[in-house]
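**Student:** what would the 3D arrangement of this be:
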Amino acid sequence: MDLTPYNFEIPLTTQGDPDPMLFLERATAVTDPAKDKKWAKAAEEAIKANPAARNDILHAAPSAPALRSLQRSLEKYEGPMPVSKEQWQNFVLQKYYEQACDLDPKVSKPALDALARTNVVGLNQEVQEVSISVRSTVEIESELLQVVNSLLSKPKEAVIDGEWSEDSVE
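**Tutor:** Alright, predicted model coming up:
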């Protein structure tokens with residue numbers, strides 16, 4: 001029986017890019033949150049300027065918290081950019097909905113109010129009713145003549161004569 005080891009390659013297929021978290025060194029010390037936020041902000045700007053360098057920047061993360069912060073901020077910009085009016089309306093409504101689900105009432109209350117005012121929900125719609133009556137010019141002229149005749153037929157008012165002096169005011 002031959003027990004010599006075989007040396008052959010096993011091809012493995014992968015889907016997508018590898019997770020950068022797998023390649024971070026184990027953090028033995030607590031990292032500085034200010035430095036992590038500063039790195040995440042700079043990395044986000046670099047990715048916006050050059051989207052092709054995204055994977056390289058993600059793999060260059062100094063710590064796990066910095067990488068998580070960058071990934072969370074990048075999630076906001078994923079997906080297609082709205083172009084048409086309807087897409088922008090859907091985008092804004094989706095953001096309002098996300099804010100309305102927030103546990104903080106300082107965030108959720110204004111978002112719910114804004115959602116309620118939208119024409120999709122229509123809870124706070126202000127309706128103005130305008131009634132339009134169609135009248136012919138003959139009707140309008142006859143009404144105008146009646147008003148003018150009633151003003152002309154009023155009896156003249158008598159004028160009361162009197163004198164006014166400053167002494168009578170006191």
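**Student:** got a pLDDT number for residue 18?
**Tutor:** Residue 18 is assigned a pLDDT of 65 by the prediction.
**Student:** show me which positions of stretch 99-116 end up buried.
**Tutor:** 99-100, 111-112, 114-115 (16 or more other Cβ atoms under 10 Å). The way it works is simple: take the backbone N, C-alpha and C, and place the C-beta from them, glycine included.
**Student:** contacting residues for the most centrally placed residue in the chain?
**Tutor:** The centre of the chain sits closest to residue 92, judged by Cα atoms, centre = their mean, with a distance of 4.2 Å. The contact partners of residue 92, by Cβ atoms under 8 Å, 6 or more residues apart in numbering, come to none.
**Student:** from residue 55, how far out is it?
**Tutor:** 31 Å (Cβ to Cβ, to the nearest Å).
**Student:** show me where the protein has its helices.
**Tutor:** Secondary structure of the chain (DSSP state H): helices at 33-49, 54-59, 64-75, 85-100, 105-117, 137-152.
**Student:** hang on, the earlier thing: can you redo the buried residues of stretch 99-116 as JSON lines with distance to residue 132 and pLDDT?
**Tutor:** Below are the buried residues of stretch 99-116 laid out as JSON lines (distance: Cβ to Cβ, whole Å; pLDDT from 0 to 100):
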{"residue": "99", "distance to residue 132": "41", "pLDDT": "88"}
{"residue": "100", "distance to residue 132": "39", "pLDDT": "88"}
{"residue": "111", "distance to residue 132": "38", "pLDDT": "88"}
{"residue": "112", "distance to residue 132": "36", "pLDDT": "87"}
{"residue": "114", "distance to residue 132": "33", "pLDDT": "85"}
{"residue": "115", "distance to residue 132": "33", "pLDDT": "83"}
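**Student:** and these, which is closest to residue 162?
**Tutor:** residue 114 (64.7 Å; Cβ to Cβ).
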